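>>> Any chance you can model this:
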Amino acid sequence: MKSILSILPIVGFVAAKQQCSQETFTETVTNKITVTVPAPSASEASTTAAGLGSTTVIQKTIYVTPSPVPTFHPYPNGTFNGTFNHTVQAPTTFSTVSLPLVSSSAIEAEVSSAAAVSSSEAAAIPASESPVSSSSSYVASATSSSVASAPVATEAAGGNSGEATFYGGNVSGGMCSFTGYTIPSGIYGTALSDSNWDNAGNCGACVSVTGPSGNSIKALIVDQCPGCGTNHLDLFPDAFAALADPSKGIIDVTWSIVDCGITSPITLKNKEGTSAYWFAMQVVNSNVAVSKLEVSTNGGSTWQSTTRSEYNYFENASGFGTDTVDVKITSTNGKVITVKGVSVAASSTKTASSNF
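Got it, this is the predicted structure:
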């Protein structure tokens, strides 16, 4: 049976004012889907009666993701540090159509045809209508095991599948608290969704990001993107531009955590207020992400743990009762660096002799 599936793209338009002093608003316009299915032939009807094609429904769902919405970005102490145009992914809107079919082979044909149409739909959206993301998933529901199904994947080979947007980019004001740090040459910057934040466990990690054209960049995680959805990256402007035309606003990407390629030594940095009676220290310039930081006050005979804060400092609320400590840092790949004689003076730094 020949089936004609004509689909008009669903396009969601979302506009957001970029000044936090003004009220944020959104607007969504949805067009319709038209489906035409001819009646089955006599032979197809007999095939269905024989029980070879018991599937009755094919479903197409088009998801429309709104464009970025500005939000405030908090300092670790709970105050606000101005306006940061992080993206906040609003609830997804969708439309679904269901149509009766009489054979599993017809359903397979519809899925293949619809998948081809999906690619042309995305390419047909004018740049003037960006930033808008329109991706489609097709699900065939059937009792027959021969029916093909194409669900949306959340994992890509060798990494994570998600979306990327971009914002102003701010190392000093980011949730990783890398104030004063300069990202090494050849590495871009990015914020990571709070869904992947892992209590700042990914701060300082590098990700290899592949865009829709197949080219890749490396970016250092320096900030959090609140409410952005799983596997979402909010790139610095130059990082996004290296992957796609900024007018697109939002793109599909795959990414995975990789070594940064940094060879200069790591640096230990004390937070303001650090002393013998309150301890807060972070690791900067690491080649890979850091999993834990331990402190010794007896030359390494015993080690005491610290608790990592959401803003990327390893803390001990009562301190360690001494002005100098030894510090042991463990990376996410299990490597260890020990730094002797580290001062706990407020805002002081200590450069180690190596990196992971």
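
>>> Where does the record place the domain boundaries for the chain?
42-75+89-152, 156-258, 267-351 (automatic domain parsing).

>>> weakest of those domains in terms of mean pLDDT?
For these, mean pLDDT drops lowest on domain 42-75+89-152, to a mean of 41.

>>> Identify the bridge partners of Val325.
Beta-bridge pairing of Val325 under DSSP bridges involves Val342.

>>> which ones are touching it?
When the contact criterion is C-beta atoms under 8 Å, 6 or more residues apart in numbering, the partners of Val325 are 295-297, 342, 344. Glycine gets a C-beta too; all of them are placed from N, C-alpha and C.

>>> Please identify the helix or strand for the residue nearest to Leu192 when sequence neighbours are not counted.
The shortest distance from Leu192 to any non-neighbouring residue, by C-beta to C-beta, 6 or more residues apart in numbering, is to Ile221 (4.9 Å). Element membership of Ile221, judged by DSSP states H and E, is strand 216-225.

>>> Parallel or antiparallel, list what pairs with the helix or strand following that strand.
Sequence order places strand 233-235 as the next helix or strand after strand 216-225, per DSSP H and E. If you go by DSSP bridges, strand 233-235 pairs up with strand 159-166 (parallel), strand 188-193 (antiparallel).

>>> what sits up against the last one?
The set of residues that contact strand 188-193 without belonging to it, under C-beta under 8 Å, 6+ apart, is 86, 162, 167, 169, 171, 174-175, 183, 202, 207, 209, 217-225, 228-236, 238-239, 242.

>>> May I have stretch 264-273 as PDB, with CA atoms only?
Extracted in PDB, the C-alpha atoms of stretch 264-273 (Å, rounded to 0.1, in the frame of the first residue of the first chain):
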ATOM      1  CA  SER A 264      51.800  23.200  33.600                       C
ATOM      2  CA  PRO A 265      51.400  22.300  37.400                       C
ATOM      3  CA  ILE A 266      48.100  22.400  39.300                       C
ATOM      4  CA  THR A 267      47.500  25.300  41.700                       C
ATOM      5  CA  LEU A 268      45.900  25.200  45.200                       C
ATOM      6  CA  LYS A 269      43.900  28.200  46.000                       C
ATOM      7  CA  ASN A 270      42.400  29.200  49.400                       C
ATOM      8  CA  LYS A 271      39.100  31.000  49.600                       C
ATOM      9  CA  GLU A 272      38.900  34.300  51.300                       C
ATOM     10  CA  GLY A 273      38.300  33.700  55.100                       C
END
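
>>> which parts of stretch 211-229 are buried?
211, 216-229 (16 or more other C-beta atoms under 10 Å).

>>> Ok, stretch 310-320 next?
By neighbour count on 16+ other C-beta under 10 Å, the buried set for stretch 310-320 is 310-316, 319-320.

>>> same question, stretch 304-311
Buried residues in stretch 304-311 (16+ other C-beta under 10 Å): 306, 308-311.

>>> which ones among the residues you listed are found in strands?
Cross-referencing these against strands under DSSP state E gives Arg308.

>>> List just the nearest of the buried residues of stretch 304-311 to Val284.
Nearest to Val284 out of these is Tyr311 (C-beta to C-beta; 13.5 Å).
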